[in-house]
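Q: Requesting a structural model of the entry that follows:
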Amino acid sequence: MKRIESRLDTRSAEFLANATHNRALAAELRERQQRARHERPARDRERLARQGKLFVRDRLERLLDPGTPFLELSTLAANMAWGGEVPGAACVTGIGIVAGREVAIHADDASVKGGAWYPHTVKKIVRLMDIAIENRLPVVHLCDSAGGFLPAQSQLFADRQFAGRIFRNQSVLSKMGVPQVAIVLGHCTAGGAYVPALSDYSVIVRGTGAIFLGGPPLVKAATGEEVSVDELGGADMHTRVSGVADYPAATETEAIAIARDIVAQWHVPAKTDHDRAEPEAPLYDPAELYGVIPRDIRVQFDMREVIARMVDGSRFHEYQPAYGSTLVCGYARLWGHRVGILANNGVLFNDSTLKGAHFIELCNQNRTPLVFLQNITGYMVGRDYERAGITKDGAKMIMMVAGSEVPKFTVIVNGSFGAGNYGMAGRAFDPRLLFMWPQAQISVMGAEQAAGVLSEVKLRQLQREGRTPSPAEIEAIRAPIIDDYRRESSAWYSTSELWDDGVLDPLDTRNALGIGLSAAMNAPMGTPGYGVLRL
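A: You can find the predicted model right below:
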């Protein structure tokens, strides 16, 4: 493949100003992640110590193979919800290496509200289980939860994607022959009791681990029976009497060691047949990505400069370079894996839309995973474009994305607005993983455009009432709309609501995609199929 020839002046004032801006955002990301991962009130840390429990991060350190990467997902989930009091949505999820095997990991964080499941917690666990199903990844559950957060029960119990989906997904994995092990480190109460019960193997710590549908207070209230935690659901009862758990352990360290030994017995499936070469570092310094992305999201830039700092050897075989130039398509390698890349270089016109749809077909034909790099304001609007069938052509691209069967990965590097999000494999179109960069924004339209539309509606209403608002009144209408849109379209809000799988430092993107691609090769690629295309 031909190397991309960078045209950036890395010494220009613009590049340096961009780099300073984006390095500050990356530093803010690291600070936010540090707080979510490690900062807890002293009383919560002391409570764990009194109970003889390890902090969730220490548990993970003992579980994972030393020196191997761990792709943590949705670190900042719930960071803008619940008054900021549920860091990480009270659990840790990710993809890592245990006993030499790629696994998905779900770990309750008992330092946050006793590990109670909030609506965001449930959404985060369900998402991990979806990833496990899509990629046929075995699962290790580190269980230590006080159960569902009852004041929010209406948001976590009854609906299709609520807590029941966790257990449904566990059952689906079992049907697929994908193993799971649960390590019961604390209480597994009510619905949470089904996590170890639905796992192929379960290890329970004597004295702190417990499994029961109703704890002692509920049993007493319901039946009048008085019973201790150990009698009702402790390690000895479940490993000697009920058979709900398989292995007792004296300490958390022993329990994790037993689980690692269990994982070591699991069959390692052959990877899906896929074109892969020896990995090669990019020719251009990935740190230059900080200078590529403009400080102002409205400023256009060449996405080839991003590709050049992400792919192996900065090599890229561009498809139809002279046609549909607002969408860059082509082949590259990423950690040795052949991938097809679709990257926005402007608004999607009829020609770039058709080019993208056809390129997706080609990648499915030769079993090439897809990487979408989003910086998109949407599909072009206007009389001439509607007459040319932009809606019809956009539908073709959306149909190809939906019908694609090769693994898809999406990175929102800058803007993601309107239907362009859909055509570029947004969350609704099931990419295996979707990440955002710190300065990225996602919404139905930009803040200024939304303020213009909504204020125009309000102004017309006032005019019908015979009023002519002053400039100050117009600004009073626009300002709160812009503030709300900017807040709710930010990467921090998106990741808080789990619209993505995490915010990435641009420098970490290549590694994150490499881990995702490796995990995806555990599952076979299907045969693409498409519905009716309006020709």
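Q: By mean pLDDT, point me to the weakest helix or strand of this protein.
A: Ranking every helix and strand in the chain by mean pLDDT, DSSP states H and E puts helix 447-464 at the bottom, with a mean of 77.
Q: residue ranges with poor pLDDT in the protein?
A: For the chain, not a single residue meets the criterion pLDDT under 70.
Q: Is the residue located most distally from the centre of it in a helix, a strand, or coil?
A: Centroid-distance maximum for the chain: G466 at 49.9 Å, with CA atoms, centre = their mean. Look at G466: counting by DSSP: H, G, I helix; E, B strand; the rest coil, its state is coil.
Q: Quick check: phi and psi at it.
A: Dihedral pair for G466: phi 80, psi 20, per degrees, to the nearest 10.
Q: and the gap between it and V244?
A: 73 Å (CB to CB, to the nearest Å). In short, each C-beta sits where N, CA and C put it, glycine included.
Q: try S489
A: From S489 to V244 the distance is 46 Å (CB to CB).
Q: neighbour-wise, which of those two wins?
A: Taking neighbours as other CB atoms under 10 Å, S489 and V244 compare with S489 leading, 22 against 18.
Q: what residues are up against the more buried one?
A: Listed by CB atoms under 8 Å, 6 or more residues apart in numbering, the contact set of S489 reads Q441, I442, S443, G446, A447.
Q: And the first one, its phi and psi?
A: It refers to Q441. phi -130, psi 150.
Q: Kindly state the beta-bridge partners for it.
A: G415, S490 (DSSP bridges).
Q: ok, back up a step: residues in contact with the residue farthest from the centre of the chain?
A: G466 sits next to no residue when contact means CB under 8 Å, 6+ apart.
Q: just checking, L504 touches T410?
A: No: contact between L504 and T410 fails when scored by CB atoms under 8 Å: they sit 11.7 Å apart.
Q: what touches both of those two?
A: Taking CB under 8 Å, 6+ apart as the contact rule, L504 and T410 both touch F435.
Q: Tell me how many other residues surround T468.
A: 8.
Q: ditto for the one 3 residues further on
A: Here the count is done by other CB under 10 Å, and P471 has 7 residues near it.
Q: Report the separation between it and S455.
A: Distance, P471 to S455, using CB to CB: 12 Å.
Q: same question, Q365
A: Q365 is 48 Å from S455, by CB to CB.
Q: show me where the stretch 401-535 of the chain has helices.
A: In the stretch 401-535 of the chain, the helices defined using DSSP state H, counting those that start in this stretch lie at 420-423, 447-464, 471-488, 491-496, 509-520.
Q: got it, and the stretch 251-400 of the chain?
A: 252-264, 289-292, 303-308, 350-365, 383-387, 390-403.
Q: nearest to P279, of these?
A: Between P279 and the helices of the stretch 251-400 of the chain, the tightest spacing by CB to CB is seen for helix 303-308, at 16.2 Å.
Q: quick one, helices of the stretch 101-250 of the chain?
A: So, for the stretch 101-250 of the chain - with DSSP H, counting those that start in this stretch - the helices run 119-135, 164-176, 194-197, 216-223, 229-233, 235-237.
Q: For T377, which of the ones you listed is the nearest?
A: Closest among the helices of the stretch 101-250 of the chain, using CB to CB: helix 119-135, at 27.5 Å.
Q: Would you mind listing the buried residues in the closest one?
A: 119-135 (16 or more other CB atoms under 10 Å).
Q: go on, stretch 107-117?
A: Quick answer for stretch 107-117 (16+ other CB under 10 Å): A107, D108, D109, A110, S111, V112, K113, G114, G115, A116, W117.
Q: before we move on, the earlier item: looking at Q365 and S455, which has the bigger crowd around it?
A: S455 (19 against 10).
Q: quick one, what contacts the more buried one?
A: Neighbouring residues of S455 by CB under 8 Å, 6+ apart: I474, I477, R478, I481.
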